[in-house]
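Novice: Sequence and computational prediction follow.
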Protein chains: 2
Amino acid sequence: MTDFHRHPKSYHHWQLQIDGDIAQLRMNVDPNHPFRPGYELKLNSYDLGVDMELADAIQRLRFEHPEVKVVVIGSAQERAFCAGANIWMLADSTHPFKVNFCKFTNETRLSLEDASRRSNLKSICAVNAACAGGGYELALACDEIHLVNDNNSAVSLPEVALLGVLPGTGGLTRLVDKRKVRRDRADVFCTMAEGMRGKKAVAWGLVDAIWPKSQFVEKVAARAKELAATLPVKATKGITLEPIRGKKSETGYAYTHVQLDVNGATRIATLTVRGPEGPQPKSGADYEQAGSAAWALQCFRELDDALLQLRFDHEEIGLIVLKTRGDRNALLAVEKDLFANRTHWLCNEILAQMARTLRRWDLMARSMYALVDAEACCAGAFFELAIGADRVYLLDDDQVAVAIGPLSNGLLPMSHGHTRLQNRFLAQPEHASKLAAEQPTLPAMEADEQGLCTYLLDPVDWQDDVRIALEERASLSPDALTGMEASLRFAGAENCDSKIFGRLSAWQNWIFTRPNATGEEGALTRYGAPESARFDWRRT
Amino acid sequence: MTDFHRHPKSYHHWQLQIDGDIAQLRMNVDPNHPFRPGYELKLNSYDLGVDMELADAIQRLRFEHPEVKVVVIGSAQERAFCAGANIWMLADSTHPFKVNFCKFTNETRLSLEDASRRSNLKSICAVNAACAGGGYELALACDEIHLVNDNNSAVSLPEVALLGVLPGTGGLTRLVDKRKVRRDRADVFCTMAEGMRGKKAVAWGLVDAIWPKSQFVEKVAARAKELAATLPVKATKGITLEPIRGKKSETGYAYTHVQLDVNGATRIATLTVRGPEGPQPKSGADYEQAGSAAWALQCFRELDDALLQLRFDHEEIGLIVLKTRGDRNALLAVEKDLFANRTHWLCNEILAQMARTLRRWDLMARSMYALVDAEACCAGAFFELAIGADRVYLLDDDQVAVAIGPLSNGLLPMSHGHTRLQNRFLAQPEHASKLAAEQPTLPAMEADEQGLCTYLLDPVDWQDDVRIALEERASLSPDALTGMEASLRFAGAENCDSKIFGRLSAWQNWIFTRPNATGEEGALTRYGAPESARFDWRRT
């Protein structure tokens, strides 16, 4: 089991320091603490372990330190801000690990942008020294980039020139789509190993400001203060995020509200999520008191962890079967209270966490089928999970119902900005709006009529039909399914986030498998070696 | 040299019949006329040669038959509408050929949609029998799909289930983005080898209408008539599209207005386009009289041909150097007349042809550098070619100027809908609007100040700097450049067309190289063989 739990007290690679409404998050990667043995993390280069700590730091700022308005992301090393993802780690990783590593680091950077957009936690990147590849991609995910002007420190994306691969964490997309750097300048910058610095980096829009070395710390601090002064106070005291601890058994993983059963032989995993039991917080103050044990937060943090276990430790699983359990009314009651208190800082954070977990679900490169059976609790955010799946199988039974909750109207957006109802009913936008506004609870047959399931199955056929459906799916080409699902799940809109996953990941997927990158004479393989790479020059 | 010239009189695979304002285009593939030896084109399956004829037919309808308002695309075979791209041809092709074949067929289908949007030439697909894979993707590119209801004829996308690859001609994108089919239904449909027919195909939005076999021809004809009656008369008589004939020599290809020099050793090609010489048509009637010899039409048809030669016959070329030649004022005068007559049917067609060729240029999977030197004619549509390139090198010389013409304000859109000026100046939309509105002619230094070049070079440095720039580009990983260029060229917007190229092509690129598709035991390799495919089940 991969342990995704991290805590600032035991970080190996980052220093988190809070000073009033400003946090300092400094990268100081310990070369001798790689995620797995075999490489050294020199020059603040990173691997999955380093990024887990970064993801944790952003989470803790949001939940434990609502008093923080601005986070300054910097480096505690003099010689390097960050050298990007560690090349030797990449060269030494399997293809699925590389792809999942990139996906996780992308989600971490998106969570930083999400914090800015949704929680008004702004970020300033203080680039005090060389900043290459994934280092600059981290900077690009911040609201502002400040670069030291010392005739030496540059920002760069040297992947194409040095490694024969693409920047894997949204660098290309953020350059032209987010920062709107002119495409020919982006072309020049992305093919320059040495990168760019000084006034030109500002003029080209690669960074927002440059400061002389002697004034750098002071100028960045002043800017952080100035920015913080424009932002509202959210709260003075946060909650404590207790660790999420799943128990691994021979058959899978058990959490409090989530159960994941993994069957390597059939290549099918069953994911069971459970709704709230017992009294739940009603007000913002109640949530502050309940802390991270509140169902709404714990359930989705557990789900997040379970999805990551699947990604990293169960590559062979091709199909996830979703089951929902619990009391629909209890779940909807929790959502109504969260909705009513959505401007309360903690309720807002919990809703944002639910949304992020749902997006992680949407982005699983596995097939997902939701089974809505007699014991199902297909309501609210669990209904979002169901229609986030590739198919919904609904049992035609009196006990079965589907309930749309108050969060489906925009609080849980997909990566490309649509709600899942809008995405489902692209051809009938007014139907999506009506369902979102009316929040009906629909008996099975009516849910089918309203387009909320793929198949409505008779109880007599249920077991056989479902079994056959699962077997059929698990028999298909895993590559073709990954490409197909990525193409069908997100229709009708596109933004920076969805381009990063839909477009960049696809290109990177291809490039990583090509001999020009990872073959014996490929650029990634030969990085740092005396001989340079040899290419098959054919363009496609 | 690949001969892209086709003519209805010598089609092997299609029948084009004009009856007043309605054209019948019937597929009747001759199994014994494959594009290259080694496979039979059974069941109306297609290859590059079949698609060249389709592309030609659409072109001729637009230019030679402006009286046609509706084209009915059908099949002359009883047993098959179209079985899609020929599997044995695909299994037997190199990776670059497969990718370029898909790109060409995609452009052909987009030209059908372009004809509908831009020339009011509507298309009805008459699916009289089984319609699979690329056959259904052709149907999806039409304005309407009519399916025979005979308990037998289905539409299908069997690629995922049978071949372990994706539908390669926009099928997935058009299903959910164009036809807005619900994503879970699209998921079901795209994993069903047998496809769907009858009322369910209508209910799911896969086709627009079904008709009993006995009434099929009559009902489709009635609908074509009905549709034609709603459309305006464009003209009663067209022009003749004379063949484009390039001469191939040892060093490249020579056309009247276009020259392509290919250097396999440096992997650099030089593309020279020449502006108009001598008197050019001024009015719509002049253009009708001049026919396809008018510079504006012939130059861009020649350029189209040259780009296709590069794609199919020169995979090793990584960099295209663009040179423009001719008289700027003469070129701008032609564009002013075309602009003034843009509602004239033929001027509209010529403008649409220029736009399509420019999009083919944007979509070259090669690096492109524009050199604007002392003899350059960087004006109007040639300026569009220049800023469509990845970089523009501008000589700082008194004779050199850059001129924006009247077509840059929306008549030559990129695939994603932006003008090239909008795409270039995403950060300054008002600057893009100003340049498009004012159409200035700017001396080199001013052009640089206005952001119209990447580098302004001193005459003393020109030769060395350009030489080094070309050498550097040609030394980089071809795969990484392809992915990088695809990511940087189209920012700020996305639509069906650009998703097909940006997203689908990337996934397909990857899937085609994977052992699960093209390995010895892959699904594409083993199609039709007694043993079924064996997969590496790992998901990424």
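Specialist: Okay, I see it. Because the structure is a prediction, the values reported are computed rather than measured.
Novice: Retrieve the pLDDT associated with the closest residue to chain B within the stretch 301-450 of chain A.
Specialist: Here the residue of the stretch 301-450 of chain A nearest chain B is A:Ala427; by Cβ to the nearest Cβ that distance is 3.7 Å. C-betas here are computed from N, CA, C, even on glycine. Looking at A:Ala427, its pLDDT stands at 96.
Novice: and if you look at A:Asp47?
Specialist: 98.
Novice: That one is in contact with A:Pro31, isn't it?
Specialist: No: look at A:Asp47 against A:Pro31 with Cβ atoms under 8 Å: they stay out of range, at 10.9 Å.
Novice: ok, the two, which is more surrounded?
Specialist: A:Asp47 (23 against 14; other Cβ atoms under 10 Å in any protein chain shown).
Novice: Let me see the contact set for the residue of the stretch 301-450 of chain A closest to chain B.
Specialist: B:179-182, B:205 (Cβ atoms under 8 Å, 6 or more residues apart in numbering or on different chains).
Novice: Now the common contact residues for A:Asp47 and A:Pro31.
Specialist: Contact criterion Cβ under 8 Å, 6+ apart; residues shared by A:Asp47 and A:Pro31: A:Leu41.
Novice: follow-up on the earlier one: out of the contacts of A:Ala427, which is most surrounded?
Specialist: Busiest of the contacts of A:Ala427 [other Cβ under 10 Å] is B:Arg182, holding 24 neighbours.
Novice: isn't that residue right up against A:Gly451?
Specialist: Yes: with contact defined as Cβ under 8 Å, B:Arg182 reaches A:Gly451; the gap is 6.6 Å.
Novice: Now do the shared contacts for those two.
Specialist: A:424-425.
Novice: near chain B, which residues of the stretch 151-300 of chain A?
Specialist: Residues of the stretch 151-300 of chain A lying near chain B by Cβ under 8 Å from any Cβ of the partner chain: A:159-161, A:163-166, A:172-173, A:175-177, A:179-188, A:190-191, A:205, A:267.
Novice: Mind giving me the ChimeraX command for buried ones among these?
Specialist: Selection of buried members from these for ChimeraX, criterion 16 or more other Cβ atoms under 10 Å in any protein chain shown:
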select /A:159,160,161,163,164,165,166,172,173,175,176,177,179,180,181,182,183,184,185,186,187,188,190,191,205,267
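Novice: from the residues of the stretch 151-300 of chain A next to chain B, which ones fall inside strands?
Specialist: The members of those all map outside strands under DSSP state E.
Novice: From chain B, how far off is A:Gln77?
Specialist: Distance of A:Gln77 to chain B, computed by Cβ to the nearest Cβ, to the nearest Å: 28 Å.
Novice: which residue sits closest to that residue, ignoring its sequence neighbours?
Specialist: Once flanking residues are discounted, A:Gln77 sits nearest to A:Asn44: 5.4 Å by Cβ to Cβ, 6 or more residues apart in numbering or on different chains.
Novice: any idea how far the one you found is from chain B?
Specialist: A:Asn44 sits 24 Å away from chain B, taking Cβ to the nearest Cβ as the criterion.
Novice: Contacts only, for that residue.
Specialist: Going by Cβ under 8 Å, 6+ apart, A:Asn44 touches A:27-29, A:75, A:77, A:80-83, A:135.
Novice: Columns distance to A:Glu471 and pLDDT on top of the contacts of A:Ala427, output as JSON lines?
Specialist: Output for these, formatted as JSON lines (distance: Cβ to Cβ, whole Å; pLDDT from 0 to 100):
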{"residue": "B:Arg179", "distance to A:Glu471": "29", "pLDDT": "97"}
{"residue": "B:Lys180", "distance to A:Glu471": "30", "pLDDT": "97"}
{"residue": "B:Val181", "distance to A:Glu471": "25", "pLDDT": "98"}
{"residue": "B:Arg182", "distance to A:Glu471": "24", "pLDDT": "98"}
{"residue": "B:Gly205", "distance to A:Glu471": "28", "pLDDT": "98"}
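Novice: part of a strand, is A:Ala447?
Specialist: No: applying DSSP: H, G, I helix; E, B strand; the rest coil, one finds A:Ala447 to be helix, outside a strand.
Novice: For it, which non-adjacent residue is closest in space?
Specialist: Nearest residue to A:Ala447, sequence neighbours excluded (Cβ to Cβ, 6+ apart): A:Val402, at 4.0 Å.
Novice: so who does the one you found touch?
Specialist: A:Val402 is in contact with A:372, A:378-379, A:383, A:386, A:394, A:441-442, A:444, A:447, A:452-453, counting by Cβ under 8 Å, 6+ apart.
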